[in-house]
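Asker: what follows is a predicted structure for the sequence shown.
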Amino acid sequence: MGAEFVQFSLTPILIGTLAAIACALPGNFLILRREALIGDAISHVVLPGIVVAFLITGTVAAIPMLLGAAAAAITAVVLIEVVKRLGRIEPGAAMGVVFTTMFAGGVLLLEQTDTSSVHLDVEHALMGNLESLIWLRATGWQSLLDPQALAGLPPELGRMAAACATIAILITLFWRWLKIATFDADFAQTLGIPVKLLSFGLVVTAAIAAVAAFDAVGSIIVIAMFICPPAAARLMTNSLAAQAAWSVGFATIAAMMGYVLAGYGPLWFGGANAVNAAGMIAAVSGLILGLACLFSPERS
């Protein structure tokens, strides 16, 4: 039983957990800044950028994907400004038009091009590829100390771990600036903190999380994890540090419980087949937020 768990479940759970944490950490500041939908927006605009990057380079390597996502994000910013000025509409409406249009364009590109050989299609874009990220060379827990077995780990695990570590380090390094600028931007400017540059860096950090998680877990988890764990954590405490800790805990619970329920939940209730892991993880994160709304401590 232990060998089967290590081979078929350990790496998907780890990748899902790392993706959830990587999205939840910057999500805390997006929630407090009332910019939570930026996470949703990023998960939409990166799709056409990633597809175009693949069509140009023929590879799904991390650097081309990041460059494609960055180009898509810049394009989105320009288009939002154009739509806002030409249409004379408020920024929220302009964002909605641009993000949904770009996501639809990305879906059309996927439908009209042959990307199936690298598992880049509409289904994987939405739901990810988590169930297939198994560790075939593992024979049990001892494989964690076997260099030959470790060489067979899914590459998504290394990419997701590197992205999660990078995001955690950046947020730790700029914690004080982020904290001040989030709660009082004017005061932060008087202290000489580059507020606009810091805001841009936060969006870039969120984009790194979205791009790294996109291939493995798809846009559904990315959207859910940017919002649900931080929002639930916000209901639990008034301390930013405690909120970050709560969000990491909620993200971890959602990833682990969601994966287990996706695989075994239908069988427990008489079903014949498992359900999609990414969708179940997103559902569990929403359930956690709902429970936090009902049972969180009284707030002043």
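Answerer: Looks like it arrived, so ask away.

Asker: where are the low-confidence patches of the stretch 1-150 of the chain?
Answerer: Within the stretch 1-150 of the chain, the segments meeting pLDDT under 70 span 1, 59-62, 91, 114-127.

Asker: number of nearby residues for residue 240?
Answerer: 18 (other C-beta atoms under 10 Å). Where you see a C-beta, it was placed from the backbone N, CA and C, and this is true even at glycine.

Asker: distance between the ends of stretch 86-95?
Answerer: Using C-alpha to C-alpha, to the nearest Å, the end-to-end distance of stretch 86-95 comes to 14 Å.

Asker: list the buried residues for that stretch?
Answerer: Residues of stretch 86-95 classed as buried under the neighbour-count rule (16 or more other C-beta atoms under 10 Å) are 94-95.

Asker: quick one: contacts of that stretch?
Answerer: The contact list for stretch 86-95 (C-beta atoms under 8 Å, 6 or more residues apart in numbering) reads 37, 41, 80-81, 83-84.

Asker: same check, this time on stretch 276-289
Answerer: Contacts with stretch 276-289, where a contact means C-beta under 8 Å, 6+ apart, come from 12, 16, 20, 127-128, 130-131, 217-218, 220-221, 223-225, 228-229, 231-232, 250-251, 253-255, 257-259, 261-263, 265.

Asker: check the offset of that stretch from the chain's centre.
Answerer: On the basis of C-alpha atoms, centre = their mean, to the nearest Å, stretch 276-289 sits 13 Å off its chain's mean C-alpha point.

Asker: now flag whichever of the contacts of stretch 86-95 is closest to residue 101.
Answerer: The shortest approach to residue 101 among the contacts of stretch 86-95 belongs to residue 83, at 9.4 Å (C-beta to C-beta).

Asker: checking the closest one next. Helix, strand or coil?
Answerer: helix (DSSP: H, G, I helix; E, B strand; the rest coil).

Asker: around it, count how many other residues there are.
Answerer: Other residues lying near residue 83 total 19 when counted by other C-beta under 10 Å.

Asker: and for residue 239?
Answerer: Applying other C-beta under 10 Å, we find 10 residues neighbouring residue 239.

Asker: likewise for the one 10 residues further on?
Answerer: As a burial measure, the neighbour count of residue 249 was computed by other C-beta under 10 Å and equals 17.

Asker: same deal with residue 192?
Answerer: By the criterion of other C-beta under 10 Å, residue 192 has 7 neighbours.

Asker: and the pLDDT at it?
Answerer: What the model reports for residue 192 is a pLDDT of 87.

Asker: and the gap between it and residue 174?
Answerer: Note on residue 192: its distance to residue 174, by C-beta to C-beta, to the nearest Å, is 14 Å.

Asker: show me what contacts residue 264?
Answerer: Residue 264 neighbours (C-beta under 8 Å, 6+ apart): residue 274.

Asker: repeat for residue 76
Answerer: 41, 45, 98-99, 102.

Asker: and with 10 Å instead?
Answerer: Taking C-beta atoms under 10 Å, 6 or more residues apart in numbering, we find residue 76 in contact with 41-42, 44-46, 48-49, 95, 98-99, 101-102.

Asker: reformat these as TSV; add secondary structure and distance to residue 286.
Answerer: Formatted as TSV, the contacts of residue 76 follow (DSSP: H, G, I helix; E, B strand; the rest coil; distance: C-beta to C-beta, whole Å):
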residue	secondary structure	distance to residue 286
41	helix	19
42	helix	19
44	helix	19
45	helix	23
46	helix	22
48	helix	27
49	helix	27
95	helix	23
98	helix	26
99	helix	21
101	helix	26
102	helix	25
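
Asker: which one of those is nearest to residue 144?
Answerer: Of all the contacts of residue 76, the one sitting nearest residue 144 is residue 46; the distance, using C-beta to C-beta, is 32.4 Å.

Asker: widest-spaced pair of the contacts of residue 76?
Answerer: Most distant of the contacts of residue 76, by C-beta to C-beta, are 49 and 95, 16.7 Å apart.

Asker: and the helices in the protein?
Answerer: 2-5, 11-32, 37-57, 62-87, 91-112, 122-127, 147-150, 155-173, 175-183, 185-190, 195-234, 240-268, 277-295 (DSSP state H).

Asker: winner for burial among the ones you listed?
Answerer: helix 11-32 (a mean of 26; mean count of other C-beta atoms under 10 Å).

Asker: if anything else comes up later, I'll come back, but that's it for now.
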